[in-house]
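Trainee: give the three-dimensional model of this entry:
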Amino acid sequence: MPTFLQRSRAIQRSTRLCAASGLAVAGITGPSLAHHPMGGVTPDSLVDGLLSGLAHPILGWDHLAYLVAFAVLTARYNETRHNVARHNQTATISFCSIAALLSGVLLHVGGVSLPAVESAVSASIILIGVTLAVATHSLSRPALIFFALAGVVHGFALGETVASAEPTPLLAYLVGLAIIQSMLMLAIARSLQYLAHKTGVLSLVLARYAGAITVAIGIVAITRTAL
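Mentor: Predicted coordinates for the structure are as follows:
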């Protein structure tokens with residue numbers, strides 16, 4: 001169990017990191033935070049659709065920040081639960097996030113119109129970052145479900161690249177998105193579980209770092225959306 005002093009130091013470090021990250025992210029992300037792996041061209045084959053789905057969330061710093069932050073938040077939720085059903089709960093929440101992301105893509109492809117999508121994406125990044133930065137040992141399942149469902153707006157934004165794609169590359173794109181999100185969540189969950197087992201407090205500190213960086217990315221994203 002982390003001591004009060006350890007928690008205070010973690011908060012101080014996260015605050016300093018947040019300020020530094022804002023400058024770093026502003027220089028890294030370039031003029032646009034959402035990048036198309038096919039250079040903006042709609043995928044027209046199974047391979048192109050799959051590669052686009054695998055790469056698109058990673059090439060866009062805003063979407064990657066959301067995916068990583070949600071994965072860390074889910075892992076922290078799993079870590080703070082001490083019952084047999086916690087793995088089933090985490091699996092359910094992870095499935096919901098993937099389903100929400102794919103649903104957002106299909107909404108865009110289906111011609112549904114969502115207002116202020118980019119602003120909603122940026123706001124969700126800031127909210128999940130703040131939650132991750134301040135959460136300790138009282139993570140709530142409703143909060144995780146909310147952030148999982150927020151994946152709909154991220155999926156909607158990602159769906160722009162396949163809005164006019166044929167069924168085969170579209171299906172491959174969805175498979176790629178599901179694979180990359182599952183791999184990210186699994187890798188981060190395993191890493192944090194290992195760190196928690198070895199050090200205890202280190203996973204909490206890293207979660208705060210991730211939250212601070214996520215907030216910084218969200219601030220940069222929403223600032224550029226407003227410009």
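
Trainee: how much space separates the residue nearest to Leu114 when sequence neighbours are not counted from Tyr66?
Mentor: Nearest residue to Leu114, sequence neighbours excluded (Cβ to Cβ, 6 or more residues apart in numbering): Phe156, at 5.4 Å. C-beta coordinates here come from the backbone N, C-alpha and C atoms, glycine included. Using Cβ to Cβ, to the nearest Å, one obtains 13 Å as the distance from Phe156 to Tyr66.

Trainee: between those two, what contacts are shared?
Mentor: Common neighbours of Phe156 and Tyr66 are not found (criterion: Cβ atoms under 8 Å, 6 or more residues apart in numbering).

Trainee: neighbour-wise, which of these two wins?
Mentor: Under the criterion of other Cβ atoms under 10 Å, the comparison of Phe156 against Tyr66 puts Tyr66 first, with 29 against 23.

Trainee: so how far is Gly129 from the more buried one?
Mentor: In terms of Cβ to Cβ, Tyr66 sits 9 Å off from Gly129.

Trainee: and if you look at Thr214?
Mentor: Thr214 sits 3 Å away from Gly129, going by Cβ to Cβ.

Trainee: now the element after the lengthiest helix in the chain, going C-ward?
Mentor: Under DSSP state H, the helix in the chain containing the largest number of residues is helix 167-199. Following helix 167-199 in sequence order, the next helix or strand is helix 201-226 (DSSP states H and E).

Trainee: that following helix packs against which elements?
Mentor: Counting contacts by 3 or more Cβ pairs under 8 Å, 6 or more residues apart in numbering; DSSP states H and E, helix 201-226 packs against helix 4-28, helix 61-79, helix 117-134, helix 167-199.

Trainee: those: lowest mean pLDDT?
Mentor: Ranked by mean pLDDT, these bottom out at helix 4-28, which scores a mean of 48.

Trainee: ok now the helix or strand that comes right after that helix, how far from the chain's centre?
Mentor: The element immediately downstream of helix 4-28 (helix or strand, assigned by DSSP H and E) is helix 46-59. Centroid separation for helix 46-59 versus its chain: 16 Å, with Cα atoms, centre = their mean, to the nearest Å.

Trainee: next one: stretch 220-227
Mentor: 18 Å.

Trainee: in that stretch, what counts as buried?
Mentor: For stretch 220-227, a neighbour-count test (16 or more other Cβ atoms under 10 Å) marks Val220, Ala221, Ile222, Arg224, Thr225 as buried.

Trainee: distance of Ala65 from Ala150?
Mentor: Ala65 is 12 Å from Ala150, by Cβ to Cβ.

Trainee: those two: which has the busier surroundings?
Mentor: Ala65 (28 against 23).

Trainee: can you tell me how far the closest residue to that one other than its chain neighbours is from Val121?
Mentor: The shortest distance from Ala65 to any residue other than its chain neighbours is 4.3 Å, reached at Ile217 (Cβ to Cβ, 6+ apart). To Val121, Ile217 is 11 Å away according to Cβ to Cβ.

Trainee: again with Ser52
Mentor: 18 Å.

Trainee: next up, the contacts around the residue nearest to Leu114.
Mentor: Gly104, Val105, Leu107, His108, Val112, Leu114, Val117.
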